[in-house]
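# Below are the sequence and a predicted model for it; my questions follow.
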Amino acid sequence: MPPRLKLFLPLILFLVLAAFLYRGLSLDPMAMPSALIDRPLPEFRLTELADNRPLERDDVIGEPALFNVWATWCISCRVEHPYLQQLADSGVPIYGINYKDEDEAARRWLQDLGNPYRANIVDREGTLGVDLGVYGAPETYLVDADGIIRYRHVGVIDERVWRDTLEPLWREIAALESTP
């Protein structure tokens, strides 16, 4: 290697490293791709939180809905809970997936804070979460009437997320469902 090139080698290495760091910092940390987009909601046989009755995939599909992964140990879930209640009160169907939680704590949470969910799927062991590719709570999946996952949101749902991202998709899916 020529001696002059050796002088510039640290600069070249620095520029390459800086380019990689810049690329990494410009990525959206909330954008976590899901291999399940445009694929069916996974099959499951778990129980419902309120009455321990069995719940399966076919029990919770049939209309466009949100599937919200939550837990009482999740601080962000407490933050998003009032907005989920608003959505449910406005007619948005939401199903809960109570993820790796204690049943009694989850029941108390819903009694104290309100229950925005049509049904709560108890995922004590996290098996449904694994099948969905859940990184943690909260996560929300938009599922069409046929049970196909159309979108995945990682993090808290608030008014901005609903208005700018989820609501347009939900309305589009609902309009497609009502077209003969």
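Happy to help now that I have it.

# average model confidence for the host helix or strand of residue 160?
Element membership of residue 160 [criterion: DSSP states H and E] is helix 159-161. Predicted confidence along helix 159-161 averages 97 (mean pLDDT).

# That one: which residues count as buried?
When neighbours are counted by 16 or more other CB atoms under 10 Å, the buried residues of helix 159-161 are found to be residue 161. Just so you know, the C-beta spots here come from the backbone N, C-alpha and C atoms, and that holds for glycine as well.

# For residue 172, see how far away residue 155 is.
Taking CB to CB, to the nearest Å as the measure, residue 155 falls 22 Å from residue 172.

# So for those two, which sits in the more crowded spot?
For residue 155 and residue 172, the more surrounded residue by other CB atoms under 10 Å is residue 155, and the numbers stand at 17 against 13.

# who does the helix or strand of the chain with the lowest mean pLDDT touch, helix- and strand-wise?
Within the chain, confidence by mean pLDDT, DSSP states H and E is lowest for helix 3-25 among all helices and strands, at a mean of 72. Counting contacts by 3 or more CB pairs under 8 Å, 6 or more residues apart in numbering; DSSP states H and E, there are no secondary-structure elements packed against helix 3-25.

# after that helix, next one along is what?
Elements were assigned by DSSP H and E; along the chain past helix 3-25, the next helix or strand is strand 45-48.

# in its sheet, what does that following strand sit against?
strand 54-56 (antiparallel), strand 120-123 (antiparallel) (DSSP bridges).

# now these as TSV including mean pLDDT and mean neighbour count?
Rendered in TSV, the data for the strands paired with strand 45-48 read as follows (pLDDT from 0 to 100; neighbours: other CB atoms under 10 Å):
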stretch	mean pLDDT	mean neighbour count
strand 54-56	97	13
strand 120-123	98	23
